[in-house]
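Colleague: Compute the structure for the input listed below.
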Amino acid sequence: MGRFMEKKQVLKQYFGYDDFRPGQEPLIESILAGRDTLGIMPTGAGKSVIYQVPALLMDGITLVISPLISLMKDQVEGLNQAGIHAAYLNSSLTMNQYFKALEFARMGRYPIIYVAPERLLTDSFLDFALHAKIAMVAVDEAHCVSQWGQDFRPSYLKIVEFIDRLPVRPVVSAFTATATAQVRDDIIDILKLQEPLVMTTGFDRSNLYFGVMSPKDRYGAIRNYIETHPGDSGIVYCLTRKHVEEVCERLRTDGFSVTRYHAGLTDAERRKNQEDFLYDRVAIMVASNAFGMGIDKSNVRFVLHYGMPKNLESYYQEAGRAGRDGEPAECILYYSGQDVITNQFFIEHNQDNQELDDFTRQLVQEQDRERLRKMTFYCFTNECLRDYILRYFGEYGSNYCGNCQNCLTQFETVDVTDAARAMIKCVEVSRQRYGVNVILDTLHGANTAKIRQYRMDENPVYGVLSKVPSHKLRQVMNFLLLNGYLSVTDDEYTIVKLTGRSAELWAETAPPLMMKMAKEQERAPKESRGKKKKLKTAGSVVLTEEEELLFEKLRSLRAQLAREEQVPPYIVFSDKTLVFMCRQKPADRSQMLEVSGVGEHKFEKYGERFLAAIAEG
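Modeller: Below is the predicted model:
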């Protein structure tokens, strides 16, 4: 396997890249120096290369521990395409296939083996591992080891016991895309990392546009978005299986190329639907949160959320499946107040933590409720959406990114002191018994049966804000919740309550309460939004008409080769690599090897056919 090679030679020969991405090289050097390593990098930052490159240079086998069957399959296919022998060991294999793979592993055929955590302590795998030379254990999705993480998996606790049983302790590396400081410390403690290099490359994905909308007709908004982005590949996430079924069926009826994915489908149907999406046989995947972890499809141009996830970790992970090729992509969350109640129900009836004792389970549940509050505030805020996400993960920026809905909307600063005092007084006089809608209807002077039944029409502030539009009242209420002047309970009815800050607004020395409010006349959206976007290179240079034609021709050739090889098209070459070919028009082997993403092994397999297609024009 050429273990004498330098890391950059490996990167070029097998992966086709001239340079490492930011943060990759120091982590690789740490691993090669025999030091435990923790890398916290956003989705799409190239975590897999960090353990794959050293695996080809180290003397021994690298075990990659992952909970994701789809990731294992995807990465093993990619490695095999690059000319690297790799295998995976998980429940998708038959017993015969499993033992055959173990036999090849014993023979030293694989420098990289992907394994599910449940397999580690089985007799057959232990028998192999105890007699093999394990150079590194790489833990992917390492946040799963922490009960404070958003995706705790008890099976991850077996990793340390497995490492302790090995005759020689290997280098241990761990990687995750979404970890708060608490989860990061947990990973180090639980995996017993020894004086690790800890590196956070930054959570920002500058190519992603973020937006939040609360349309009356969510399906209509999503349909309109997809209509204005024809041919683009995208994911629509839904909170429930029922919504997945409904949205998928309606999109199909409306003539879109769409499939679905959720835990209620059979394994065979999930696998088929996932492959249809990965292989570009359908353009749009409608899915629950069961879909996507480990999916490396590089040309997803949009991720739409039909409902708000229960925490920012999940949202950023799901949204991050867009634009993995570095090209512009859009992440839009379609929010409804009902989403909060749905997620509260999920938290109260969570079955994932049954192994925890009652006290710890309650702590985790409270943590989940706090995460939901932070997620809800994301949907309320008028500040920069990207900055809100980054601050959640401990990064502080300028509060202006220029590539999110709030940064592209014109705001004015408004004095909302009188409206805020009226809201707080309404809550106080009604003895903190009602929800947001009743409070706002009272202030607006609504004459409904519910308002009369609750005798809120006798409240001293009834109708005092009748001239303020309802949507502005809701914005002020959200602002008070966001800044702790009011709070809401976590029960089914979400009752509005006073807080320690509620009285601050009546202090004689209190300054006016100012908030950013969108101007009625918003700035026109960016030119590309709502139209078919032009294909762009990494530098956002628009392709000429001639280059677009060549791109479509190369895409057809790629699809044909992918069918022959029975792999997803992006495993052959990414869209970005095809764009580079269209721009550079390589005429021979040496020029083709200069194209980003073309390694020597891939050139031997496909290079001549692509050169011929480019020469034909």
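Colleague: Grab the most central residue of the chain for me.
Modeller: When CA atoms, centre = their mean is applied to the chain, the residue found nearest the centroid is residue 317 (1.7 Å).
Colleague: Show the contacting residues for the closest residue to it other than its chain neighbours.
Modeller: By the measure of CB to CB, 6 or more residues apart in numbering, the closest residue to residue 317 outside its immediate chain neighbours is residue 178, 5.5 Å from it. (Glycine included, C-beta is placed from N, CA and C.) Residues counted as contacts of residue 178 (CB atoms under 8 Å, 6 or more residues apart in numbering) are 143, 150, 203, 313, 316-317, 393.
Colleague: Just flag the most distant two among the residues you listed.
Modeller: Spanning the widest gap among the contacts of residue 178 are 150 and 203, at 14.4 Å by CB to CB.
Colleague: quick one on the thing from earlier: next, give phi and psi for the residue nearest to residue 317.
Modeller: Main-chain dihedrals, residue 178, degrees, to the nearest 10: phi -130, psi 100.
Colleague: Could you report the pLDDT at it?
Modeller: At residue 178 the predicted local distance difference test score is 73.
Colleague: roughly how far apart are it and residue 430?
Modeller: As for residue 178, its distance to residue 430 is 40 Å (criterion: CB to CB, to the nearest Å).
Colleague: And residue 51, by the same measure?
Modeller: Separation of residue 51 from residue 430 (CB to CB) stands at 58 Å.
Colleague: cool, and residue 589?
Modeller: Taking CB to CB as the measure, residue 589 and residue 430 are separated by 78 Å.
Colleague: do the same with residue 345
Modeller: Applying CB to CB, one obtains 26 Å for the distance of residue 345 from residue 430.
Colleague: for residue 57, same thing?
Modeller: As defined by CB to CB, residue 57 lies at a distance of 69 Å from residue 430.
Colleague: Residue 436 now?
Modeller: Following CB to CB, the distance that separates residue 436 from residue 430 is 12 Å.
Colleague: shared neighbours, the two?
Modeller: Residues touching both residue 436 and residue 430 (CB under 8 Å, 6+ apart): none.
Colleague: about what we covered before: return the closest of the contacts of residue 178 with respect to residue 470.
Modeller: Here the nearest of the contacts of residue 178 to residue 470, counting by CB to CB, is residue 316; it sits at 31.1 Å.
Colleague: Surely the closest one is in contact with residue 204?
Modeller: No: with contacts counted by CB atoms under 8 Å, residue 316 stays clear of residue 204, the gap being 10.6 Å.
Colleague: Find residues that contact each of these two.
Modeller: Contact criterion CB under 8 Å, 6+ apart; residues bridging residue 316 and residue 204 by contacting each: residue 42.
Colleague: Between these two, which is the more surrounded one?
Modeller: Counting neighbours by other CB atoms under 10 Å for residue 316 and for residue 204 shows that residue 316 has the greater number, 24 against 17.
Colleague: And the next helix or strand past the helix or strand where that one lies?
Modeller: Secondary-structure element containing residue 316, defined by DSSP states H and E: helix 312-319. Of the helices and strands lying after helix 312-319 in sequence (DSSP H and E), the nearest is strand 329-334.
Colleague: Other residues contacting that next one?
Modeller: If you take CB under 8 Å, 6+ apart as the criterion, strand 329-334 is touched by 207-215, 218, 221-222, 225, 300-308, 315, 319, 322-323, 378-379, 529.
Colleague: Okay, buried residues for it please.
Modeller: 329-334 (16 or more other CB atoms under 10 Å).
Colleague: Let me know the closest of those residues to residue 501.
Modeller: Using CB to CB, residue 333 is the member of the buried residues of strand 329-334 that lies nearest residue 501, at 27.5 Å.
Colleague: Residue 180 versus that closest one, what's the distance?
Modeller: Taking CB to CB as the criterion, residue 333 is separated from residue 180 by 20 Å.
Colleague: Residue 462 too?
Modeller: For residue 462, the distance to residue 180 equals 43 Å [CB to CB].
Colleague: do residue 99 as well
Modeller: On the measure of CB to CB, residue 99 and residue 180 end up 41 Å apart.
Colleague: more neighbours, these two?
Modeller: In this view residue 99 and residue 180 are compared by other CB under 10 Å, and residue 180 has more residues nearby, 20 against 13.
Colleague: The closest residue to residue 281 other than its chain neighbours in helix, strand or coil?
Modeller: Residue nearest to residue 281 in three dimensions, not counting chain neighbours: residue 275, with 7.8 Å by CB to CB, 6+ apart. Per DSSP: H, G, I helix; E, B strand; the rest coil, the secondary structure class of residue 275 is helix.
Colleague: burial measure for residue 275, as a count.
Modeller: Applying other CB under 10 Å, we find 16 residues neighbouring residue 275.
Colleague: repeat for the one 5 residues further on
Modeller: Counted with other CB under 10 Å, the neighbours of residue 280 add up to 18.
Colleague: swap in residue 193?
Modeller: Counted by other CB under 10 Å, the residues lying close to residue 193 total 20.
Colleague: State the distance from the closest residue to it other than its chain neighbours to residue 229.
Modeller: In space, not counting the residues next to it along the chain, residue 193 is nearest to residue 36; the distance is 4.3 Å by CB to CB, 6+ apart. In this structure, residue 36 and residue 229 are separated by 44 Å, where distance is defined by CB to CB.
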